[in-house]
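Engineer: pasted the sequence and its predicted model underneath.
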Amino acid sequence: MVSRPDRVLRDKDVPLSASFLELFFDLAFVLALSQLAQHLLADLTVVGALRTALLLTGVWWIWVTTTWLTDWYDPESPAIRVLLVGATLGSLLAGVAIPQALDGRGLLFAAAYVAVHIARGAITGLTLRGHPLQSRALRILCWYGVSAVPWLAGALLPGWRVPLWLLGLAIDLAGPRFGWPTPRLGRAPQKQMRLAGEHFAERYQQIMIITLGELVLVAGLTYSDTRLDLPETAAFLLVFITAVLIGLLYVTPAGAHLGQAIEHAEPSRLGVITGYLHLVMIAGIVLTAVGAELSIAHPTATGDTTAVLIILGGPTLFLVGRILFSLAIHRRLSWPRVVGLLALAIAATILRIPLLAVTVVATAVLFAVAAADRAAILAPRRRVSP
């Protein structure tokens, strides 16, 4: 007979595919991504980019930790269903707060963020009373209880908001890397941090599709507001091709092997690092969406330094994350991606041409990298074929 605490844990018989409520939870991320893109578009400065990155990291960490929740626990159990619905609401409220999170809505953003994490630790800790895995839930609750102090203090002290929220994020992101070391409980052992690679790989692919959907949505909405002339049409098509290329570059080949890699790796290394690296890639796609809006709305305008950096910076940031992702999975560099990264970086420093032409450069570099990747994959097959 299964004990009461065991009922909430993910059993081997529970399907590894995402549940309905997990996919429903992802919908909250759609609002957050849209708000983040508009937040950056309203302040196209280095400071604006860093502020947007701060908010993106907070929203992203809600998604990552909720995905860990459904990896360790049965998403169909009542307690976890409640937590998923609550995480969805919390993410939506954080998304609502994003435009003014660093101004008048800081308390809404911080309270939503803290509530999601504290509720998860408290409910799983209570549900697992008497079970050996309760210690893991209590460690996590303790760490988020500590980080809640700078998060809420920052919300109440506008002048200190950014440094205090950075401190809170640093605590939250460092915790799993070190096993949430806690007085009297110590660190979480490696076996308690084990992740189901197949489930995690599927969830990452799903959130990458949603992020690419934001890029396509921005392109479509911006294009619909133009006169649909040839330059705007060309820019729209180039952005669509860019979205396709980014998707192909993600899944080939490390994205397809992520599940196996997580299964066989040290959980506190690869399971956590992939969360960090997907943040970099998603930030690149959000930046690409902002660049897409600039390019489609003003294709013939000569780009200033800021516009050029944004249009080329999105694919550049994505490639940085993708290169590090391959290093984490395969422990080797993809030289076509490195060359593409250098090409984008050089172009960003010297090009001052119409935004449509800048978009052509970005798309061409991504196409060349994808083609080189494809050729590298097919080369071994050709050598062994009769």
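Structural biologist: Looks like it came in fine. A quick note: this is a predicted structure, and the numbers were derived from the prediction, not measured.
Engineer: tell me the buried residues in the lengthiest helix in the chain?
Structural biologist: Criterion DSSP state H: the longest helix present in the chain is helix 355-384. For helix 355-384, a neighbour-count test (16 or more other Cβ atoms under 10 Å) marks 355-356, 358-363, 365-367, 369-370, 372-373 as buried. Where you see a C-beta, it was placed from the backbone N, CA and C, and this is true even at glycine.
Engineer: in terms of secondary structure, what does that helix contact?
Structural biologist: helix 230-250, helix 272-297, helix 305-330, helix 335-350 (3 or more Cβ pairs under 8 Å, 6 or more residues apart in numbering; DSSP states H and E).
Engineer: residue contacts, T305?
Structural biologist: R352 (Cβ atoms under 8 Å, 6 or more residues apart in numbering).
Engineer: and for L108?
Structural biologist: L108 makes contacts with L93, A94, V96, A97, A101, as judged by Cβ under 8 Å, 6+ apart.
Engineer: quick one, which of the helices and strands packed on helix 355-384 gets closest to A153.
Structural biologist: helix 272-297 (24.2 Å; Cβ to Cβ).
Engineer: now the closest one: average pLDDT?
Structural biologist: Mean pLDDT, computed over helix 272-297, is 94.
Engineer: and for stretch 67-79?
Structural biologist: So the average pLDDT for stretch 67-79 ends up being 88.
Engineer: and the contacts of it?
Structural biologist: Outside stretch 67-79, the residues that touch it by Cβ under 8 Å, 6+ apart are 7-11, 14, 18-19, 21-22, 80-81, 83-84, 87, 120, 123-124, 127, 176, 195-196, 199-200, 203.
Engineer: distance from the chain centre to stretch 138-152, please.
Structural biologist: Distance of stretch 138-152 from the chain centroid (Cα atoms, centre = their mean, to the nearest Å) equals 22 Å.
Engineer: quick one: buried ones out of the contacts of stretch 67-79?
Structural biologist: Neighbour counting with 16+ other Cβ under 10 Å marks 8-10, 14, 18-19, 21-22, 80, 83-84, 87, 120, 123-124, 127, 176, 195-196, 199-200, 203 as buried within the contacts of stretch 67-79.
Engineer: residues contacting the most centrally placed residue in the chain?
Structural biologist: The residue lying closest to the centre of the chain (Cα atoms, centre = their mean) is L279, at 3.7 Å. Counting by Cβ under 8 Å, 6+ apart, L279 touches L56, T57, W60, G321.
Engineer: now stretch 52-69, how far from the chain's geometric center?
Structural biologist: On Cα atoms, centre = their mean, the centre of stretch 52-69 falls 7 Å from that of its chain.
Engineer: how far does the host helix or strand of I118 sit from its chain's centre?
Structural biologist: Assigned by DSSP states H and E, I118 falls within helix 106-127. Here helix 106-127 is found 20 Å from its chain centre; the criterion is Cα atoms, centre = their mean.
Engineer: of the buried residues of helix 355-384, closest to I241?
Structural biologist: Within the buried residues of helix 355-384, the smallest distance to I241 is 5.5 Å, found for T363 (Cβ to Cβ).
Engineer: the closest one and A347, how far apart?
Structural biologist: Separation of T363 from A347 (Cβ to Cβ, to the nearest Å): 12 Å.
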